[in-house]
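Peer 1: Sequence below, structure please.
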Amino acid sequence: MTSPALSRNVPTILVVDDNDGVRALTRRFLEIAGYQIYEAANGLKALHVLTDSALVDAVVTDLEMPGMNGRQLAACLAILSPDVPVLFISGSDWYTASSELPGPVIAKPFSLEQLTTAVRRLLQRDQRCA
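Peer 2: Sure thing, here's the model as predicted:
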């Protein structure tokens with residue numbers, strides 16, 4: 001878990017992925033775009049970040065992770081923080097074509113532009129619903 005000195009006027013994103021390289025790249029892309037980042041290596045660690053007073057504006061999570069997968073994390077998040085939107089990332093074509101998830105999906109590998117565009121849309125959609 002990373003605990004940056006967070007400023008509430010900059011959106012904060014929780015990045016969850018069990019692959020250290022993917023998590024680091026996702027974090028870097030979002031930092032380049034100006035977001036503040038928390039990170040977790042799996043769903044259970046993400047819940048600890050969220051319950052340890054972390055205020056996040058969105059979650060970017062891998063779908064396939066050991067233990068608690070991204071769908072299970074989103075279900076828990078819907079109870080703990082129902083206003084926090086979720087963006088799923090997946091290397092599986094099945095997930096990227098699925099409409100059964102409670103949030104948008106982008107395919108791995110993704111570019112900086114694809115990720116930041118998806119996060120920006122997610123945050124804009126969340127503001128319109130508020």
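
Peer 1: since we're on Val15, how many residues are nearby?
Peer 2: Using other C-beta atoms under 10 Å, Val15 has 29 neighbouring residues. Just so you know, the C-beta spots here come from the backbone N, C-alpha and C atoms, and that holds for glycine as well.

Peer 1: Check Glu113 too.
Peer 2: Residues near Glu113, counting by other C-beta under 10 Å, number 10.

Peer 1: Next one, pLDDT for it please.
Peer 2: pLDDT recorded at Glu113 is 97.

Peer 1: residue ranges of the strands in this structure, please?
Peer 2: Secondary structure of the chain by DSSP state E: the strands cover 12-16, 36-40, 58-62, 86-90, 105-107.

Peer 1: Out of those strands, which one sits most buried?
Peer 2: Among these, strand 58-62 has the highest mean neighbour count (mean count of other C-beta atoms under 10 Å), at a mean of 26.

Peer 1: Between strand 12-16 and that strand, find me the angle.
Peer 2: 10 degrees (axes from the mean of the first three to the mean of the last three C-alpha atoms, to 10 degrees).

Peer 1: How far away from the center of its chain is the longest helix seen in the chain?
Peer 2: Secondary structure of the chain per DSSP state H: the longest helix is helix 112-129. Relative to its parent chain, helix 112-129 has a centroid offset of 11 Å by C-alpha atoms, centre = their mean, to the nearest Å.

Peer 1: Tell me where the model's unsure across this protein.
Peer 2: Low-confidence segments of the chain (pLDDT under 70): 1-8, 53, 93-99, 126-130.

Peer 1: which residues does the spatially most central residue of the chain contact?
Peer 2: Per C-alpha atoms, centre = their mean, the C-alpha nearest to the average position across the chain is that of Val60, at 1.2 Å. Residues near Val60 by C-beta atoms under 8 Å, 6 or more residues apart in numbering: 13-16, 26, 30, 86-87, 89, 115, 119.

Peer 1: would you list the strands of the chain in a markdown table and tack on distance to Asn69?
Peer 2: Shown next, in a markdown table, are the strands of the chain (distance: least, C-beta to C-beta, whole Å):
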| stretch | distance to Asn69 |
| --- | --- |
| strand 12-16 | 10 |
| strand 36-40 | 13 |
| strand 58-62 | 8 |
| strand 86-90 | 10 |
| strand 105-107 | 13 |
